[in-house]
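Colleague: Provided below are the primary sequence and the corresponding predicted coordinates.
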Amino acid sequence: MLRFSSPYHRHLTWRYFALFVAIGLMGGLLGPALPHFAAMTESSMSQIAVLFTARALGNMAGALITGVLIDHVSGHRVLFGMALVGVLGLLLTPFSPSLALLTAMLGVLGFAEVSLNAGGNTLLLWLHKESSGPNVSALHFCFGVGNMLTPLVIMIALAITGQFQWAFWVVASCLLMVIVPITRYASPVKPHAHHEPGTSRVIKHRDPLLLGLLMLLFALYVGLEITFAGWITAYGILSGSPSAQAALLATLFWLALSAGRLLAIPLLRWSSPWTFLVGGLVLGMATAGALHALWLPLGVGALLFGLAASAFFPTLFTLSNHVMEIRGRTTGAIFMAASLGALIIPSITGPLLDRFGAQAFPPLLGGLLLLLSIGLLALALRLRWLASKPVLALE
């Protein structure tokens, strides 16, 4: 399904895939470990929720700092440094006896996680250039695999040792094992965009408004994804589903999302990114409408929504590479916006459910999808306008 132009490209790409499984493992630790953190620090669940804010703030700082670093320093050195920060955070977090110290450590983990994520995405684009689409989808599939494996790692750690802390140390070992081989390869370098008259090469734009629209789309999408994954269980319980069944809804969502990203790997070779983006929005709107009208079982709705959301992030990231030069700072800005969306949008869902009940959830999803549709239309119109101004658009 994946094609590589040289052994260097093949070997390095597969090592990036292994790295993103480890990043997914690291990113998925907080949710399953939350009750254990609450018990460890003698905190209530409302108090322990500050950890999500700390991680989101660390995400934003990591995206911005890594974006600047990767433009001026060897990319693999940046990844190695950020991986060491992550390993240190994973080793020390289980020893944090107070909520304040634990909050600081989650900020460090959030910083390292998004630094590796943004840096790895940038280097993969630089490695494969215009043929990066299927590889980006595969990269995000690997991240999803890591997310899905995290609860299993914690369950095994508890079963064998009786201590959840071992899950953090196992993930730290995995991260260290996958980052070391990457440092043995030359780091991909930023391609120099150019356009020769009479060629069919896509013009790459430098346009602040275009970047702003992309940042808005990433913020809305990530906020939508985190909102659905984080609140679908509560929505299921409020809708009358048994707790055990409601708890499976998030798992179904992540399974469908990962399967959709896997399916997108070959399909992106023959389909336009716009087809994937519009198709996902249509399926998502239809699913939200069907949930609101009670036409679908919640399990089927979770699967369909996961499939609708599956290819949006990697496809939009690939499209970004097609229409503008992706520098480290560009990726950093995109991931900072995504982190901001993950911080703000899910936080408004709780008050909405408290005020209006379970029936407010599908319209919220539909509203976010509508905003995404408007943003995608604005992006298309901006690109059409820029295409009519080639002198201003050329690098």
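Modeller: Sure, I can see it. Numbering: from 1, shown residues only.
Colleague: where's residue 32 relative to residue 250, distance?
Modeller: When CB to CB, to the nearest Å is applied, the distance between residue 32 and residue 250 equals 11 Å. In short, each C-beta sits where N, CA and C put it, glycine included.
Colleague: next, count neighbours for the spatially closest residue to residue 303 that is not a sequence neighbour.
Modeller: Distance criterion CB to CB, 6 or more residues apart in numbering; nearest residue to residue 303, sequence neighbours excluded, is residue 256 at 4.4 Å. Here the neighbour count serves as a burial measure; for residue 256 (other CB atoms under 10 Å) it reads 19.
Colleague: settle this for me: residue 256 is touching residue 300, isn't it.
Modeller: No. With contact defined as CB atoms under 8 Å, residue 256 and residue 300 do not form a contacting pair (10.1 Å).
Colleague: mind telling me what element residue 336 is part of?
Modeller: Assignment of secondary structure by DSSP states H and E places residue 336 within helix 328-356.
Colleague: quick check: what element follows that helix along the chain?
Modeller: Reading on from helix 328-356 to the C-terminus, the next helix or strand found by DSSP H and E is helix 361-387.
Colleague: model confidence for the closest residue to residue 18 other than its chain neighbours, exactly?
Modeller: Take residue 18 and drop its neighbours on the chain: the residue closest to it by CB to CB, 6+ apart is residue 178, 4.4 Å away. At residue 178 the predicted local distance difference test score is 95.
Colleague: please, which helix or strand holds residue 178?
Modeller: With the criterion set as DSSP H and E, the secondary-structure element containing residue 178 is helix 165-182.
Colleague: residues in contact with that helix?
Modeller: For helix 165-182, the external contacting residues (CB atoms under 8 Å, 6 or more residues apart in numbering) are 12, 15-16, 18-19, 21-23, 25-26, 29, 33, 76, 79-80, 83, 86-87, 90-91, 93-95, 150, 153-154, 156-157, 160.
Colleague: neighbours around residue 100, how many?
Modeller: Neighbours of residue 100 (other CB under 10 Å): 11.
Colleague: name the element residue 240 belongs to?
Modeller: Using DSSP H and E, no element contains residue 240; it sits outside every helix and strand.
Colleague: now it: how far from residue 229?
Modeller: Remark: distance between residue 240 and residue 229 (CB to CB) = 21 Å.
Colleague: okay, these two: which has more neighbours?
Modeller: Ranked by neighbour count (other CB under 10 Å), residue 240 and residue 229 place residue 229 first, with 22 against 9.
Colleague: sticking with the more buried one, tell me its helix or strand.
Modeller: When the helices and strands are read off by DSSP H and E, the one containing residue 229 is helix 208-238.
Colleague: show me what that helix is packed against.
Modeller: On a contact count with 3 or more CB pairs under 8 Å, 6 or more residues apart in numbering; DSSP states H and E, helix 208-238 meets helix 243-267, helix 298-310, helix 312-323, helix 328-356, helix 361-387.
Colleague: domain assignment for the protein?
Modeller: Each domain of the chain is listed here as a residue range: 7-182, 208-393, per automatic domain parsing.
Colleague: now those as a markdown table including distance to residue 190?
Modeller: Conversion of the domains of the chain to a markdown table gives the following (distance: least, CB to CB, whole Å):
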| stretch | distance to residue 190 |
| --- | --- |
| domain 7-182 | 6 |
| domain 208-393 | 6 |
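Colleague: before we move on, the earlier item: okay, angle between the helix holding residue 336 and helix 361-387 too, please.
Modeller: Following axes from the mean of the first three to the mean of the last three CA atoms, to 10 degrees, one obtains 150 degrees for the angle between helix 328-356 and helix 361-387.
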